[in-house]
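Engineer: predicted model follows, preceded by the sequence.
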Amino acid sequence: MNIRASTSGLLIVIFLIASCRDNHNYLQNAENIYNLTTEEQLKDDKYAQGIENFYEIGEEDYFTGKANISIYYKVFKRPEVTSPAILISAGRTEASIKYKELIFDLYNNGYSVYIHDHRGQGLSGRMTDDPDMGYIDTFQYYIDDMKYFYNNMLKAANHNSIYLLAHSMGGAIGITYLEQNPDDFNAAAFSSPMLGLSAPSCTGAKLLSGDNPEYALGQGNYDEGKPDFKENTLTGSEIRYNRMNAAFAKEPKAKLGGATYDWVVKSCQQFDYMYNNIQNIQTPFIIFSAENEQIVDVDSHQDFVENAIKLGKPCEVFTIVNAQHELLMEKDKQRIATINQILKYFKSF
């Protein structure tokens with residue numbers, strides 16, 4: 001579905017679900033009711049350094065994931081004993097260092113924040129000789145790692161409620177997690193979740209994958225795949241795009257390049273698993289799609305929720321107008337509207 005922004009520049013968030021068209025939700029240009037960081041504040045060196053300083057005081061460590069892969073994590077725990085908590089499940093190529101601004105904003109809104117770098121990326125262990133290769137041996141290991149993190153960190157901390165916030169590939173991991181662990185989260189929010197890729201991507205990867213990991217067609221190492229801001233398909237916020245690149249330049253071990261055929265094949269197989277197990281979801285969830293999405297298949301968002309609603313599952317889908325894939329690091333209007341809705345949603349559970 002293609003929804004065009006009005007000339008007034010108002011940001012409209014519209015339900016995608018055909019069966020819910022009589023109950024459209026509209027969000028106009030949202031006020032910054034949660035005092036979220038703005039692009040203007042990020043231009044202030046003192047304010048920006050405050051985010052960096054806050055990130056550095058987070059507790060960091062490693063645990064051993066499936067197949068003896070080392071998993072890096074970071075925890076920002078509120079002083080209140082029973083504070084609500086948010087677990088962030090990041091996207092492909094991402095690391096905790098990309099989420100400094102978001103973690104800062106969530107913490108300042110009263111949430112303890114937990115994040116781990118998925119296996120094969122960030123500061124977690126790799127499974128290939130080339131550390132730039134986006135590879136996964138078994139997709140289920142992503143979920144198993146998250147379950148270990150949940151049981152040993154979040155569950156043990158006595159939070160009064162626990163929420164899941166997942167982005168892109170982290171959404172595929174998160175949806176699968178909800179299907180396998182329906183009682184762990186009070187609610188979940190998904191930013192541009194990877195619930196599908198284009199049909200040629202899945203078919204071609206299956207035909208071209210071999211015994212040894214290889215970059216998929218058009219993919220390469222980190223430096224080869226990093227476009228200038230004007231050519232990027234992730235975000236319309238130049239300052240947030242530059243901050244992301246600066247974070248990885250400062251921590252080169254966290255860099256990850258293009259996907260391998262193996263990663264694409266395993267991901268495509270996981271889409272079938274997710275659709276076949278929707279009936280197991282008990283957690284209320286909300287999905288956000290970007291109008292100008294060029295990374296994941298937005299039609300899959302609508303398909304997934306239509307199937308979920310038919311099964312009586314509590315869920316909602318919104319489209320963010322004039323936004324690209326990175327809704328959590330987009331321009332202020334899009335980012336604020338998205339996070340406002342997420343925090344309002346979490347507070348209702």
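Structural biologist: Looks like it arrived, so ask away.
Engineer: in the stretch 101-250 of the chain, which spans are helices?
Structural biologist: Using DSSP state H, counting those that start in this stretch, the helices found in the stretch 101-250 of the chain span residues 140-149, 169-180, 199-208, 238-250.
Engineer: now do the strands in the stretch 1-150 of the chain.
Structural biologist: Residue ranges of the strands in the stretch 1-150 of the chain, as given by DSSP state E, counting those that start in this stretch, are 13-15, 59-64, 70-76, 85-89, 112-116.
Engineer: to residue 151, which of those strands lies closest?
Structural biologist: Among these, the nearest to residue 151 by Cβ to Cβ is strand 59-64 (10.6 Å). The way it works is simple: take the backbone N, C-alpha and C, and place the C-beta from them, glycine included.
Engineer: for the nearest residue to residue 253 once chain neighbours are set aside, grab the count of nearby residues.
Structural biologist: Among residues not flanking residue 253 along the chain, residue 123 sits closest, at 6.1 Å (Cβ to Cβ, 6 or more residues apart in numbering). By the other Cβ atoms under 10 Å criterion, the neighbourhood of residue 123 contains 19 residues.
Engineer: list the contacts for residue 123?
Structural biologist: 72, 95-96, 117, 251, 253-254 (Cβ atoms under 8 Å, 6 or more residues apart in numbering).
Engineer: same check on residue 205?
Structural biologist: The neighbourhood of residue 205, defined by Cβ under 8 Å, 6+ apart, consists of 216, 261, 264-265, 268.
Engineer: now these as TSV including pLDDT?
Structural biologist: Putting those into TSV (pLDDT from 0 to 100) gives the following:
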residue	pLDDT
216	91
261	93
264	94
265	93
268	93
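Engineer: which of those residues fall within strands?
Structural biologist: Secondary structure assignment by DSSP state E places none of the contacts of residue 205 in strands.
Engineer: among these, which one sits closest to residue 325?
Structural biologist: The nearest member of these to residue 325, counting by Cβ to Cβ, is residue 264 at 17.1 Å.
Engineer: quick check: the closest one vs residue 169, distance?
Structural biologist: Using Cβ to Cβ, to the nearest Å, one obtains 11 Å as the distance from residue 264 to residue 169.
Engineer: now do residue 162
Structural biologist: As defined by Cβ to Cβ, residue 162 lies at a distance of 21 Å from residue 169.
Engineer: cool, and residue 346?
Structural biologist: When Cβ to Cβ is the yardstick, residue 346 and residue 169 sit 22 Å from each other.
Engineer: so for these two, which sits in the more crowded spot?
Structural biologist: Regarding residue 346 and residue 169, a neighbour count based on other Cβ under 10 Å identifies residue 169 as having more, with 29 against 25.
Engineer: need phi/psi at residue 288.
Structural biologist: Summarising the backbone geometry of residue 288 under the convention degrees, to the nearest 10, its torsions are phi -120, psi 130.
Engineer: need the contact list for it.
Structural biologist: With contact taken as Cβ under 8 Å, 6+ apart, residue 288 is in contact with 189-192, 317-320, 327, 338, 341-342.
Engineer: which of those fall within strands?
Structural biologist: The subset of these located in strands under the criterion DSSP E comprises 189-191, 317-320.
Engineer: so what's the backbone phi/psi at the residue nearest to residue 253?
Structural biologist: In terms of degrees, to the nearest 10, the main-chain angles of residue 123 are phi -100, psi 10.
Engineer: now it: how far from residue 62?
Structural biologist: Residue 123 sits at a distance of 8 Å from residue 62 (criterion: Cβ to Cβ).
Engineer: overlap in contacts, those two.
Structural biologist: Counting by Cβ under 8 Å, 6+ apart, the common neighbours of residue 123 and residue 62 are residue 72.
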